[in-house]
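**Student:** Okay, here's the prediction I keep looking at, along with the sequence it came from:
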Amino acid sequence: MHAVTYELIKEAKQGKARRGRLHTPHGTFETPMFMPVGTQATVKTLSPEELYDMESQVILANTYHLFLRPGSGLVKKAGGLHKFMNYNRGMLTDSGGFQVFSLGEMRKITEEGVMFRSHIDGSKQFLSPEVSVRVQEELGADIAMAFDECIPYPSDFNYTKKSTERTTRWAERCLKAHTRPDQALFGIVQGGMFPELRKMSAESLLEMDFAGYGIGGLSVGEPKPVMYDMLDQTTDWMDKQKARYLMGVGTPDCIVEGVNLGVDMFDCVFPTRVARNGTAMTARGRLVIRNAVYAEDFRPIDENCSCYTCRNFSRAYIRHLFKAEETFGLRLLSIHNLHFLLDFAKKIRDAIEQDRFAEFRKEFWDNWEEKDKRPENLN
RNA sequence: GUGGGUAUGGUGAAGCGGUUAACACGGCGGAUUGUGGCUCCGUUACGCGCAGGUUCAAAUCCUGUUACCCACC
């Protein structure tokens, strides 16, 4: 029995959307879900209480960053990540694989693992399936992710195949190294933009009996239709009784389409990152709060939003905070954006429950301003 | 009052006779998808205090004028 299990509650009549529950050592959570990102053991600018208020469920932390600073040994001494950062709901740690490949200037990939230089002090570091699992066990999140290579886009077939096969071997080693009974381990499907490699990756990982599965290597620069196609090809080969987590994806349009293709979990830095750059998310699209048109706009970001920010502050005020570089602005927009996405996921869950997800999806695209991203199969 | 100096966009300033007046900040847009509050991209002076003059050519040279700064009475 895995420490984290997925309970399938309901499937949509058309499309592959599904309503489920994730049972974890820190509670049961509703899917489809959006998971706020708290890379360095904090969702930037927000307190745990503020996250609870917006009904945040599972949040992410990052192995690469915490491994380099403050070190997993210290977190272990503190009593684990939950205690260390005082967040008592679900938690997931990324394996560090992605960062090694995206942040690492000099890195050397071998069968054994990856040698790389720390972005903090330039020191030489080594991460492998065994090291990543050990670090993640010390961090102690409910869900740990297998150490994988996120293949850049574009990559040719031969490299993708070689890398995907290695990621599969690394997955096996992660499973073998994993010992903590109160923590689940998720495998990660790779395969780049090649359907047959996606299938190969999914099938071989399926045999290993992970608690759930991440879908990696998507949203790395490929066109949206390609991503949706790959996602479609990937979920077809996955176990219906286990959670599917589309890694690093989390704009509203991608979430709707991801859910429609059978995804249960999403995470993304997008809402919190763009918040810090002055962009608010709405059901229509982005609202760049620092634009001059909002200088004297005393309405809230969204009239219909119930978040703390929208209940109390105007666009003009938030714009002023950004212009004056006051940190409260970062917080207000982070609160709004996270609230928006968590609420968005809730609306999706309700729609699936009430058998109207197809309608929800259609309505979403009718309101969405980026019409060019509209999928073709939306009758 | 006398002598000297400086006047270039929102700001700090380059340019010292000859391509479309550098560069930085700011402003205005945009990007941002397993997080560096980072970063990246585009745009932003039909004009060089004002008025004349010299020259094929003037922000650059000359004259006058105005403002400010420094020194001395």
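**Tutor:** On my side now, so go ahead. Residues are numbered from 1 along each chain as shown, chains lettered A, B, ... in the order given.
**Student:** residues near A:P375, how many?
**Tutor:** Using other Cβ atoms under 10 Å, A:P375 is surrounded by 15 other residues. In short, each C-beta sits where N, CA and C put it, glycine included.
**Student:** and if you look at A:Q136?
**Tutor:** A:Q136 is flanked by 32 other residues according to other Cβ under 10 Å.
**Student:** List the single closest residue to it in space, sequence neighbours excluded.
**Tutor:** Spatially, and ignoring its direct neighbours in sequence, A:Q136 is nearest to A:A144 (3.9 Å; Cβ to Cβ, 6 or more residues apart in numbering).
**Student:** dump the residue contacts of that neighbour.
**Tutor:** Neighbour list for A:A144: A:92-93, A:95, A:133, A:136-137, A:178, A:183-186 [criterion: Cβ atoms under 8 Å, 6 or more residues apart in numbering].
**Student:** what sits opposite the spatially most central residue of chain A in the beta ladder?
**Tutor:** Nearest residue to the geometric centre of chain A (Cα atoms, centre = their mean): A:D267, 1.7 Å. When bridges are called by DSSP bridges, A:D267 pairs up with A:M35.
**Student:** quick one on the thing from earlier: for the helix or strand hosting the residue nearest to A:Q136, the averaged confidence score.
**Tutor:** Using DSSP states H and E, A:A144 sits within strand A:143-145. Here strand A:143-145 scores 98 as its mean pLDDT.
**Student:** cool, stretch A:224-242 as well?
**Tutor:** Per-residue scores along stretch A:224-242 average to 96.
**Student:** on that earlier part again, give the next helix or strand downstream of the strand holding A:A144.
**Tutor:** Next helix or strand after strand A:143-145 toward the C-terminus (DSSP H and E): helix A:157-177.
**Student:** hmm, that next one touching RNA strand B?
**Tutor:** No - using Cβ under 7 Å from any atom of the strand, helix A:157-177 stays clear of RNA strand B, coming no nearer than 8.9 Å.
**Student:** Run through chain A and note the low-pLDDT ranges.
**Tutor:** A:104-105, A:379 (pLDDT under 70).
**Student:** Which single helix of it contains the most residues?
**Tutor:** If each helix of chain A is counted by residues according to DSSP state H, the longest one is helix A:327-353.
**Student:** Tell me who's in contact with whatever residue of the stretch 201-350 of chain A ends up closest to RNA strand B.
**Tutor:** Proximity to RNA strand B, evaluated over the stretch 201-350 of chain A using Cβ to the nearest atom of the strand, is greatest for A:G248 at 2.3 Å. Applying Cβ under 8 Å, 6+ apart to A:G248 gives the contacts A:98, A:216, A:218-219, A:267-269.
**Student:** Just give me how far the helix or strand hosting A:Y245 sits from the chain centre.
**Tutor:** Using DSSP H and E, A:Y245 maps to strand A:243-246. Between the centre of strand A:243-246 and the centre of its host chain there is 9 Å, according to Cα atoms, centre = their mean, to the nearest Å.
**Student:** what does the stretch 151-300 of chain A have sitting close to RNA strand B?
**Tutor:** A:188, A:190, A:214, A:216-217, A:219, A:247-251, A:254, A:267-270, A:272-274, A:276-279, A:286, A:288, A:290-293, A:295.
**Student:** Just the buried residues of those residues.
**Tutor:** Using 16 or more other Cβ atoms under 10 Å as the burial test, these include A:188, A:190, A:214, A:216-217, A:219, A:247-251, A:254, A:267-268, A:270, A:272, A:274, A:276, A:278-279, A:290 as buried.
**Student:** So which of those residues sit within strands?
**Tutor:** Per DSSP state E, strands hold the following members of these: A:188, A:214, A:267, A:279.
**Student:** wouldn't A:K161 be in contact with A:E196 here?
**Tutor:** No - A:K161 is not in contact with A:E196 according to Cβ atoms under 8 Å; the separation is 9.0 Å.
**Student:** who's more crowded, these two?
**Tutor:** Higher neighbour count among A:K161 and A:E196: A:K161, with 18 against 11, using other Cβ under 10 Å.
**Student:** List the residues that contact that one.
**Tutor:** A:K161 touches A:194, A:197, counting by Cβ under 8 Å, 6+ apart.
**Student:** how far away is it from A:I151?
**Tutor:** A:K161 is 10 Å from A:I151, where distance means Cβ to Cβ, to the nearest Å.
**Student:** same question, A:M281
**Tutor:** To A:I151, A:M281 is 29 Å away according to Cβ to Cβ.
**Student:** In terms of packing, which of these two has more residues around it?
**Tutor:** A:M281 (25 against 22).
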